[in-house]
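In: Fold the following for me, if possible:
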Amino acid sequence: MQRTISPSMLSADFGHLERDTQMIDRSRAEWVHIDVMDGVFVPNISFGFPVMKPIRKSTSKFLDVHLMIVEPEKYVARFVEAGAEMVTFHLEATDCPQKCIDLIRAAGARVGISIKPRTPVESLREWLPKIDLVLIMSVEPGFGGQSYIEGSTEKIAALRRMIDEQNLDVIIEVDGGISARNAGEVFGAGAEVLVAGSAVFKAEDPEAEIIKMLEA
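Out: Purely as a prediction, here's the structure:
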């Protein structure tokens, strides 16, 4: 399986956003992760379209946008317009998953669905044939710097079995508490993309830390 690191800009230095984005551009990370929080679906507020635009200008890497917002169907197309190449919404945040999927596809991006730690992977079964990616949250969404929740690895492995049983080409991405210490375990369970925020941006050498995760 391919291994990809998607550094989370939530942990970047917003006073030096261009510098930190260009660091990712130089690194072996292939994706850039954008966490969008509304203070309603999660107890925090991050950023939206105005911040995405300079990030998009500063990198040629794949822009991976994770919406932690209620009623994502109202905004998904606008995030594609702002430069998102993958738009991931939360299954728990909408009554209209199919509408979100259709709007993202129509706007020209790839589609992801995310679930919180307490949401079972079985809830994804009917949606798997319609999407490109599942984002498993291995912490409660809303804050950076949390520890990986025990039991997440088994959840990832169960999702990998479900995808393989249906012979689907769906990427598993994992977000929360990821570092070089557990990256090998998470990749080994069937994940292909790991989101890392604090582990990258707080490292003495962020580019070396990305390599450590890829080679774990």
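
In: Other residues contacting the longest helix anywhere in the chain?
Out: Counting by DSSP state H, the longest helix found in the chain is helix 152-165. The contact list for helix 152-165 (C-beta atoms under 8 Å, 6 or more residues apart in numbering) reads 117, 121-122, 124-125, 128, 134, 136, 138, 170, 172, 174, 176, 185-186, 189-191. Bear in mind the C-beta positions are built from the backbone N, C-alpha and C, glycine included.

In: tell me which helix or strand of the chain sits lowest on mean pLDDT?
Out: helix 49-58 (a mean of 87; mean pLDDT, DSSP states H and E).

In: before we move on, the earlier item: check which element follows the longest helix of the chain along the chain.
Out: Remark: after helix 152-165, the chain's next helix or strand is strand 171-175, criterion DSSP states H and E.

In: which strands and helices sit next to that next one?
Out: Applying 3 or more C-beta pairs under 8 Å, 6 or more residues apart in numbering; DSSP states H and E, one finds that strand 171-175 contacts strand 110-115, strand 133-137, helix 152-165, strand 193-196.

In: Buried deepest among the ones you listed, which one?
Out: strand 193-196 (a mean of 27; mean count of other C-beta atoms under 10 Å).

In: What is the subsequent helix or strand relative to that strand?
Out: As assigned by DSSP H and E, the chain's next helix or strand after strand 193-196 is helix 198-201.

In: now that following helix, how far from the centre of its chain.
Out: Distance of helix 198-201 from its chain centroid, counting by C-alpha atoms, centre = their mean, to the nearest Å, is 15 Å.

In: next one: stretch 145-159
Out: 14 Å.

In: pull the CA atoms of it into CSV?
Out: Coordinates of each C-alpha in stretch 145-159 appear next as CSV, following Å, rounded to 0.1, in the frame of the first residue of the first chain:
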residue,chain,number,x,y,z
GLY,A,145,-2.3,17.8,20.2
GLN,A,146,-4.5,15.0,21.6
SER,A,147,-3.4,11.4,22.3
TYR,A,148,-4.3,8.5,19.9
ILE,A,149,-7.4,6.7,21.3
GLU,A,150,-6.8,3.1,22.2
GLY,A,151,-8.9,0.8,20.0
SER,A,152,-8.6,3.0,16.9
THR,A,153,-6.2,0.5,15.2
GLU,A,154,-8.8,-2.2,15.4
LYS,A,155,-11.4,0.1,13.9
ILE,A,156,-9.1,0.9,11.0
ALA,A,157,-8.5,-2.8,10.4
ALA,A,158,-12.2,-3.5,10.5
LEU,A,159,-12.8,-0.8,7.9
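
In: This completes my enquiry, with thanks.
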